[in-house]
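S.K.: What shape does this take:
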Amino acid sequence: MYLRINTSLEIISLCFRVLLAVSIIVPGSMGLRAQTSSASGDGENALGIALESYPYPYPVQFLEFEMQHQRVRMGYMDISPRGTPNGQTVVLLHGKNFGGYYWKGPIQFLTTAGYRVVVPDQVGWGKSSKPDIRYSFTNLAANTVRLLDSLSINRVILVGHSTGGMLAVRFARTYPQRVGALVLEDPVGMEDYRASIPPQTDETLYQAELNNTKRENIEAFYARYFAHPDPALYGPLAEVQFRITKSGEFPRWAKASALAYQMIYEQPVVYEYGLLQTPTLLIVGQADHTVPMSAYASADVRPALGHIIELAQKLIKEVPDGTLAIVPNAGHIPHLEQPDVFQNDLMVFLRKHPVQ
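M.R.: Numbers count the residues shown, from 1 in each chain. Next comes the predicted model:
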């Protein structure tokens with residue numbers, strides 16, 4: 001009896017080894033599917049709303065503090081100069097539909113030029129906490145100051161893209177002594193959306209975010225950011241949001257996103273450009289026509305919105321020490337679509353305005 005059982009176990013073991021070998025070499029087998037899924041960039045897999053498994057170009061650290069009676073974590077990258085240090089620090093502020101991950105190119109050329117670069121994920125975005133709070137540019141600016149204080153950084157060069165541009169304006173207005181130079185890359189909020197778009201309830205905006213789960217719609221949304229849509233550029237950006245929709249915590253992300261739209265709509269900074277006290281570079285893509293919440297504008301009003309070049313030309317005249325740079329063949333994200341032109345315009349400005 002013992003011999004028969006042992007022989008059976010050996011047969012079972014042999015069969016298992018054969019099946020395992022077959023699963024590795026036969027197309028469509030379970031083993032190959034698992035291997036392929038792991039190597040495919042996880043494009044169909046759920047992504048946690050704090051982007052836990054999403055790779056950032058540099059190590060991410062966290063600062064913990066209390067915000068509106070909630071304990072939150074603020075993720076950030078702090079990258080040392082690769083070239084000869086020049087003693088200056090650049091802070092990169094992301095836009096609403098992005099996180100610190102899309103700043104890889106600027107980080108590389110800035111650190112090579114000797115700058116220390118700090119890239120926060122604002123609370124509500126990226127790898128940071130997603131609390132259900134009333135978001136405000138004033139609070140986000142205060143959080144950024146808290147981060148800089150924790151890193152013993154006093155004066156900075158502040159670069160803000162899109163919604164990060166609105167935040168950068170509010171930061172520079174609130175803490176002028178902390179900003180030696182200001183760069184606004186295609187900032188939204190160069191017009192007061194309240195004048196053209198009717199107000200929306202939190203619930204309306206939340207439901208819109210909650211129902212935006214189709215890959216093709218998300219990809220089309222990000223493609224519109226580019227003058228010449230290229231899947232190699234907009235695809236990775238869209239993938240982040242698409243994978244988040246598969247998370248069990250997606251409703252929390254959708255709520256934070258909706259409240260961020262309310263912040264953009266309810267807290268204009270366009271009236272503050274003339275009050276800026278620091279040298280300012282306004283750099284915009286020639287083909288940018290981005291208007292947050294434009295879907296809620298009436299059909300007859302919508303064509304009058306998003307004339308970015310005209311808005312930029314008007315606003316830069318109000319800035320006491322302002323420079324305008326227009327990037328040809330670029331939409332809303334010049335640092336991705338025309339990186340060489342963006343780098344040149346930025347570095348020319350920074351060399352003229354060193355921060356001590």
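S.K.: could you pull out the strands for the stretch 101-250 of the chain?
M.R.: 116-120, 156-161, 179-185 (DSSP state E, counting those that start in this stretch).
S.K.: would you list those strands in a markdown table and tack on distance to residue 53?
M.R.: Just so you know, the C-beta spots here come from the backbone N, C-alpha and C atoms, and that holds for glycine as well. As requested, the strands of the stretch 101-250 of the chain are exported to a markdown table (distance: least, C-beta to C-beta, whole Å):
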| stretch | distance to residue 53 |
| --- | --- |
| strand 116-120 | 19 |
| strand 156-161 | 25 |
| strand 179-185 | 28 |
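S.K.: Figure out which of the ones you listed is closest to residue 235.
M.R.: strand 156-161 (19.0 Å; C-beta to C-beta).
S.K.: In terms of secondary structure, what does the closest one contact?
M.R.: strand 89-93, helix 163-174, strand 179-185 (3 or more C-beta pairs under 8 Å, 6 or more residues apart in numbering; DSSP states H and E).
S.K.: Distance to residue 352 added to those, as a markdown table?
M.R.: Putting these into a markdown table (distance: least, C-beta to C-beta, whole Å) gives the following:
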| stretch | distance to residue 352 |
| --- | --- |
| strand 89-93 | 15 |
| helix 163-174 | 17 |
| strand 179-185 | 9 |
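S.K.: follow-up on the earlier one: is it possible to export the strands of the stretch 101-250 of the chain to TSV including mean neighbour count, distance to residue 278 and mean pLDDT?
M.R.: Rendered in TSV, the data for those read as follows (neighbours: other C-beta atoms under 10 Å; distance: least, C-beta to C-beta, whole Å; pLDDT from 0 to 100):
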stretch	mean neighbour count	distance to residue 278	mean pLDDT
strand 116-120	24	18	98
strand 156-161	26	8	98
strand 179-185	26	5	98
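S.K.: Okay, helices next: where are they in the stretch 151-300 of the chain?
M.R.: Secondary structure of the stretch 151-300 of the chain, counting by DSSP state H, counting those that start in this stretch: helices at 163-174, 202-210, 215-223, 231-244, 250-266.
S.K.: any residues touching the first one, and which ones?
M.R.: Which is helix 163-174. With contact meaning C-beta atoms under 8 Å, 6 or more residues apart in numbering, helix 163-174 is reached by 92-96, 122, 137-138, 140-142, 144-145, 158-160, 178-179, 182-189, 260, 264, 267, 269, 272-273, 275-278, 280, 292.
S.K.: Distance from that helix to the middle of the chain?
M.R.: 15 Å (C-alpha atoms, centre = their mean, to the nearest Å).
S.K.: What angle do strand 179-185 and it make with each other?
M.R.: Here the directions of helix 163-174 and strand 179-185 differ by 150 degrees (axes from the mean of the first three to the mean of the last three C-alpha atoms, to 10 degrees).
S.K.: Just the CA coordinates for helix 163-174, please, in PDB.
M.R.: What follows is helix 163-174, C-alpha atoms only, in PDB (Å, rounded to 0.1, in the frame of the first residue of the first chain):
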ATOM      1  CA  THR A 163      -3.700  74.700 -12.300                       C
ATOM      2  CA  GLY A 164      -0.300  74.800 -10.700                       C
ATOM      3  CA  GLY A 165       0.100  78.200 -12.400                       C
ATOM      4  CA  MET A 166      -2.900  79.500 -10.500                       C
ATOM      5  CA  LEU A 167      -1.400  78.100  -7.300                       C
ATOM      6  CA  ALA A 168       2.000  79.700  -8.200                       C
ATOM      7  CA  VAL A 169       0.300  83.100  -8.600                       C
ATOM      8  CA  ARG A 170      -1.400  82.800  -5.200                       C
ATOM      9  CA  PHE A 171       1.800  81.600  -3.600                       C
ATOM     10  CA  ALA A 172       3.800  84.500  -5.000                       C
ATOM     11  CA  ARG A 173       1.200  87.000  -3.900                       C
ATOM     12  CA  THR A 174       0.900  85.500  -0.400                       C
END
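S.K.: In it, which residues are buried?
M.R.: Neighbour counts over helix 163-174 (16 or more other C-beta atoms under 10 Å) mark 163, 164, 165, 166, 167, 168, 169, 170, 171, 172, 173 as buried.
S.K.: ok, now the longest one?
M.R.: Applying a neighbour-count criterion of 16+ other C-beta under 10 Å, one finds 250, 252-265 buried in helix 250-266.
S.K.: That's all I had, so thanks and see you.
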